[in-house]
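Colleague: give me coordinates for this.
(3 chains)
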Amino acid sequence: MTPMFAGLLGRFTLDALPHDLVTAFGALTIVGAGVGALALITITHRWKWLWKEWITTVDPKRIGLMYVIISLLMLLRGASDALLMRAQQALSAGDAAGIVDANHFQQIFSAHGTIMIFFVAMGLLFGLINLIMPLQIGSRDVAFPVLNAASFWLFFGGMALVNLSLVVGEFSAAGWLAYPPLSELQFSPGTGVDYWIWSLQISGIGSLLSAINFVTTILTMRAPGMTLMKMPMFVWTVLGSMLMVAFAFPILTATLTMLALDRTMGMHFFTAAAGGNPMMYVNLIWAWGHPEVYILILPAFGIYSEVVATFARKRLFGYVSMVWATMAIVLLSFIVWLHHFFTMGAGADVNAFFGIMTMIIAIPTGVKIFNWLFTMYRGRIKFATPMLWFMGFVAIFTIGGMAGVLMAIPPVDFQLHNSLFLVAHFHMMIVGGVVFGFFAGLTYWFPKIFGFKLNERLGRYAFSCWFGGFLLAFVPLHILGLMGATRRLDHYDASLGWQQLFIVAGVGVLLIGLGVVFQVLQLVVSILQRDKNRDLTGDPWNGRTLEWSTTSPAPSYNFATIPVVADRDAFWVRKHQRSAQPAPEYEAIIVPRNTSVGLVIGLLAFGFGFAVIWHMWLLAVACLIGLVVTIIMRAQNDNTERTLSAATIAKFEARTSEVTA
Amino acid sequence: MSAIAERAAGAQRTVLGFWIYLMTDCVLFATLFATYAVQRNSTNGGPGGAALFDLPYVLVETMLLLTSSFTCGLAVIALQRRNKQLLLRMLAVTFVLGLAFVGLEFNEFRYLVTEGNDWQRSGFLSAYFTLVATHGLHICVGLLWALVLGVQIWRRGLGGNTVKRMTLFSMFWHFLDVVWIFIFSVVYLWSGRL
Amino acid sequence: MSEHKQAHVSQFEPSHGTVNSYIIGFASCIVLTVVAYMVATSTTISNTAAIAIIAGLAIVQCVVQLTRFLHLGAEFKPRWKLLVFAGMLIIVLIVVVGSLWIMNNLNYRMLHSSDQLQEYVESQDGL
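Modeller: Numbering: from 1, shown residues only, chains lettered A, B, ... in the order given. From the prediction side, this is the model:
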């Protein structure tokens, strides 16, 4: 290949396309889904609408919905990975080889973890924050609307890279955290680890920018009268979580960069030789990784606070202690990270310190659980679907949490580290805690977002399948782990007699799959029955916080007049005051114009990542220059806002009150 | 809220948001510093900092950057007084001093590389180059920013956006000098002593 | 609430200091830099002392630049910049000191040659 072409095509060859059945099937699914979506939009003549209303939007409610849709699609991909893994382990015992070979199995579990954490959990997190947080603080927007759009498109770019790895090249086979030396060039020379690095790096920068955005929003854009101690609990947990993102994600950025430098520029940060130190990678990646899991769970806790108070029809118990518990978790989550590598060889003093800290961090979480229980006590509980998700969470998270405190004891961890007991523990935390929490949030706030309620019966079926299926899938893993089963193996010897438990776990995953089917069905049926279930008041659950004071869905400007707040549970207080509301006086509102800057940034970042993965240096430089030029051009643009006149607002408000009357 | 009050509040938010970004950059540099500290002796049989670093040379670099931080501060005072010509002159001096800093640093790197002490030689050198070059890249971004901003102020004068952006730029530039204090001390001044 | 904000409409940040305060800051930084340089290159100060003094001078210069150039602490209430700075400082100290403690411990215990480890094990009674 001539040098000119080498610069253009890098290490890309036709070998990169799928050449076996499994990967070909995966590639076809992705390509099919992509092409199918494009075709659908074209056939229904929706390009202009899509561009104007969604692709160039800077409305956080729209951006949030896009996050949620992408995340739920990625949930399907991550769940398929899980199905494949469970099927493999259930079927391969003794002489049976199962359905995938070892190399593919390793890529599958690596993709599963990466997708679930970064593109499902983080995506749903940012989606829900965008959708709800500005409404809850009585604000019209986030602090930096265009940055918000850029964050979403960076997330999209990272997601695109992960999916592209199914079509050209391969994915990482080094687990969701890509420990060196395995992830170094010597032992992973292909494009897999590079796909992993760059999809995380790009979406990670999006996350960091979102954190800056949301922290600034919460600190400076609350409605007049809403002091910090009058904010809804969801907003408090978002503030805590986003502060953690701001302080933890730079560690990830730096560490991924160093691994990338090792792989592309021959450096020796984490190599096995020439002065590299692979243990430093493990240390740094978990210094980020532990705060990351608390970043995910805290807002889920916030959602539970909202849901429990609403459906117990009682004020949240112990608000002040909840706030302190949240801030305690924010700080403590930065001093426990070594518990992820007790077995790497540190001395007893180091292990003991981190073991004790890990046990201590369970305490503020316990405070939260008790506060929710005390909120329920003497309430008049309505067992709507969001409340069911909460109750499933209490059961699963408490059990899983106890397993965690058990493993916080280093000598116990020496037995259980990297066993299926560990795998069971963190799935109880993330599925039972984070995923259930986001499902509770999505079902709770669905009417606010779409204007009609979800079908309750199908929601109950979905929850029951998820709850039963999850227990079936993961309780056996505790037993297997205690018996010595190591994680991430595609084959377990038949003589161990473990196959039956793997089969039970497999049935559990199938039941979860049925739960997903019910969720899809619930969505379809609810859409078909939407006229019957319209939310005409904006307040279908008799809620307590400000988002329920708007119509469903809320207008693009959220509030025609910014509310003035005097208490916690501001909307509840206002509802029960029965004082005469003065006729609203509308003022003109300045809103940011739509822009394609976010999309362009996401595309160029995706291009840059793709180029570096394939060593297409010319393309990489071109994308970098493009990014710089885009930002400079944006800075020249003075016409970034437009005005909604008072008359326009009055017309919108009149129209919606006609509908609700 | 009146439009002026809205704009002022918006500018305050942008300053806070940018400050938070600078704090995240501190954590990024801290990670690189920690890695450098862990790998300070991983020289792979090659030379360490004491043998490689030219302290008088780096002192000159430091003085250039420090002076540019000072002239940037004078530019901000000119901004407060809405003195466009003085601001542009001080910004230009800041730019030139920053450019000289980058030039000297680039020369330093070139010398190391041609002597065979490049980033591929050892973990120590990987950590050194990455930490110092990350700072240098930030300086380069700052120089480009100063250029674009200077042109914008020259053509459009001192209005809402340019005032805000000059404030942000000065925060960025001062922050980079604060980081340099630690690079100067930990990487260079400590090198003969560890 | 809007009156509270309108008081500060005229400028969105408190005054950024005077020329004098910048000159004092600049001069002190030059002094601190030169002294640190002299300590580093001196042949009479011991290594540990030099490291400690240089670190101290760096911290002092950092504070000078933060207060005089970056105007930390001079904002109107609420002092979010100061709070976020303090938060960052805590995290950075935890991560850097923690990493150094951990890696020092790990390197000592895990990166010796097998001969050295053998010697160590044999030197421990009752193992």
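
Colleague: for the rest of this, base every contact and every neighbour count on C-alpha atoms.
Modeller: Noted.

Colleague: what is the burial count for the residue in chain A that chain C sits nearest to?
Modeller: For chain A, the residue closest to chain C is A:Ala346, as judged by Cα to the nearest Cα, at 4.9 Å. Counted by other Cα atoms under 10 Å in any protein chain shown, the residues lying close to A:Ala346 total 22.

Colleague: can you report phi and psi for it?
Modeller: The phi and psi values for A:Ala346, taken as degrees, to the nearest 10, are phi -70, psi 160.

Colleague: do A:Arg534 as well
Modeller: Phi and psi for A:Arg534, reported as degrees, to the nearest 10, are phi -60, psi 140.

Colleague: what bridges to it?
Modeller: A:Phe452 (DSSP bridges).

Colleague: so what's it up against?
Modeller: Contact analysis of A:Arg534 by Cα atoms under 8 Å, 6 or more residues apart in numbering or on different chains lists A:Gly451, A:Phe452, A:Lys453.

Colleague: just the pLDDT for it.
Modeller: pLDDT for A:Arg534: 93.

Colleague: try B:Ile4
Modeller: Looking at B:Ile4, its pLDDT stands at 82.

Colleague: distance of it from B:Gly160?
Modeller: B:Ile4 sits 10 Å away from B:Gly160, going by Cα to Cα, to the nearest Å.

Colleague: spatially nearest residue to residue 106 (excluding sequence neighbours)?
Modeller: Answering for chain A, as no chain was given. Once flanking residues are discounted, A:Gln106 sits nearest to A:Ala173: 4.8 Å by Cα to Cα, 6 or more residues apart in numbering or on different chains.

Colleague: not quite, go with chain C.
Modeller: A:Ala346 is the one closest to C:Leu106 (Cα to Cα, 6+ apart), at 4.9 Å.

Colleague: count of neighbours near A:Thr271?
Modeller: 26.

Colleague: what does B:Val102 give?
Modeller: There are 22 residues near B:Val102, going by other Cα under 10 Å.

Colleague: before we move on, what about B:Glu115?
Modeller: B:Glu115 has 9 neighbouring residues, counting by other Cα under 10 Å.

Colleague: so how far is A:Asp15 from it?
Modeller: As judged by Cα to Cα, B:Glu115 and A:Asp15 stand 39 Å apart.

Colleague: chain A contacts on chain B?
Modeller: Residues of chain B lying close to chain A (Cα under 8 Å from any Cα of the partner chain) are B:10, B:13-14, B:16-17, B:20-21, B:23-25, B:27-28, B:31-32, B:35, B:39, B:42-44, B:119-124, B:126-127, B:148, B:152.

Colleague: just checking, what packs against the lengthiest helix in chain B?
Modeller: The residue-count maximum for a helix in chain B (DSSP state H) belongs to helix B:3-38. The contact analysis (3 or more Cα pairs under 8 Å, 6 or more residues apart in numbering or on different chains; DSSP states H and E) places helix B:3-38 against helix A:192-220, helix A:233-265, helix B:123-156, helix B:160-182, helix C:2-6, helix C:80-110.

Colleague: and it, how far out from the chain's middle?
Modeller: How far helix B:3-38 lies from its chain's middle: 14 Å, per Cα atoms, centre = their mean, to the nearest Å.

Colleague: same deal with stretch A:195-204?
Modeller: 15 Å.

Colleague: quick one: mean pLDDT for it?
Modeller: Rounded mean pLDDT across stretch A:195-204 is 98.

Colleague: what does stretch A:377-389 give?
Modeller: So the average pLDDT for stretch A:377-389 ends up being 96.

Colleague: would you mark the buried spots in it?
Modeller: Neighbour-count burial for stretch A:377-389 flags A:Gly379, A:Ile381, A:Ala384, A:Thr385, A:Pro386, A:Met387, A:Leu388, A:Trp389 (criterion: 16 or more other Cα atoms under 10 Å in any protein chain shown).

Colleague: could you do stretch A:289-306 as well?
Modeller: Within stretch A:289-306, the residues scored as buried using 16+ other Cα under 10 Å are A:289-306.

Colleague: again with stretch A:245-262
Modeller: For stretch A:245-262, by 16+ other Cα under 10 Å, it's A:245-262.

Colleague: what does it contact?
Modeller: A:184-185, A:194, A:197, A:201, A:204-205, A:207-208, A:211-212, A:267-271, A:281, A:284-285, A:287-288, A:291-292, A:295, B:20-21, B:23-25, B:27-28, B:31-32, C:88, C:91.

Colleague: recalculate using a threshold of 6 Å.
Modeller: A:Leu208, A:Ala211, A:Met267, A:His268, A:Trp288, B:Thr24, B:Val27, B:Leu28, B:Thr31 (Cα atoms under 6 Å, 6 or more residues apart in numbering or on different chains).

Colleague: any regions of chain C where pLDDT drops low?
Modeller: Within chain C, the ranges that satisfy pLDDT under 70 run C:1-16, C:113-114, C:117, C:120, C:125-127.

Colleague: how is it divided into domains?
Modeller: C:1-76, C:78-127 (automatic domain parsing).

Colleague: how about the residues of chain B by chain C?
Modeller: Contacts of chain B with chain C, taken as Cα under 6 Å from any Cα of the partner chain, map to B:Ala5, B:Ala8, B:Gln12, B:Ala34, B:Val178, B:Leu189, B:Arg193.

Colleague: can you put the residues you listed in CSV and add neighbour count and distance to B:Leu168?
Modeller: Below are those laid out as CSV (neighbours: other Cα atoms under 10 Å in any protein chain shown; distance: Cα to Cα, whole Å):
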residue, neighbour count, distance to B:Leu168
B:Ala5, 20, 19
B:Ala8, 21, 14
B:Gln12, 18, 11
B:Ala34, 22, 28
B:Val178, 24, 15
B:Leu189, 28, 31
B:Arg193, 16, 37
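
Colleague: now, the most widely separated pair of the residues you listed?
Modeller: Within the residues of chain B next to chain C, B:Ala5 and B:Arg193 form the most distant pair, 54.5 Å apart (Cα to Cα).

Colleague: contacting residues around stretch B:166-180?
Modeller: Under the criterion Cα under 6 Å, 6+ apart, residues B:Ser69, C:Cys62 lie in contact with stretch B:166-180.

Colleague: do that again at 8 Å, thanks
Modeller: Applying Cα under 8 Å, 6+ apart, the external contacts of stretch B:166-180 come out as B:15, B:18-19, B:22, B:26, B:29, B:62, B:65-66, B:69, B:72-73, B:76, B:79, B:135, B:138-139, B:142, B:145-146, B:149, C:62, C:65-66, C:69-70.

Colleague: following element in sequence after the helix or strand that contains C:Val34, please.
Modeller: Following DSSP states H and E, the helix or strand that holds C:Val34 is helix C:19-41. Next along the chain after helix C:19-41, taking DSSP H and E as the criterion, comes helix C:47-64.

Colleague: and that next one, what does it pack onto?
Modeller: Under the contact rule (3+ Cα pairs under 8 Å, 6+ apart), helix C:47-64 is packed against helix B:160-182, helix C:19-41.

Colleague: kindly reformat these as TSV and extend each row with distance to A:Gly400.
Modeller: Output for the helices and strands packed on helix C:47-64, formatted as TSV (distance: least, Cα to Cα, whole Å):
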stretch	distance to A:Gly400
helix B:160-182	43
helix C:19-41	53
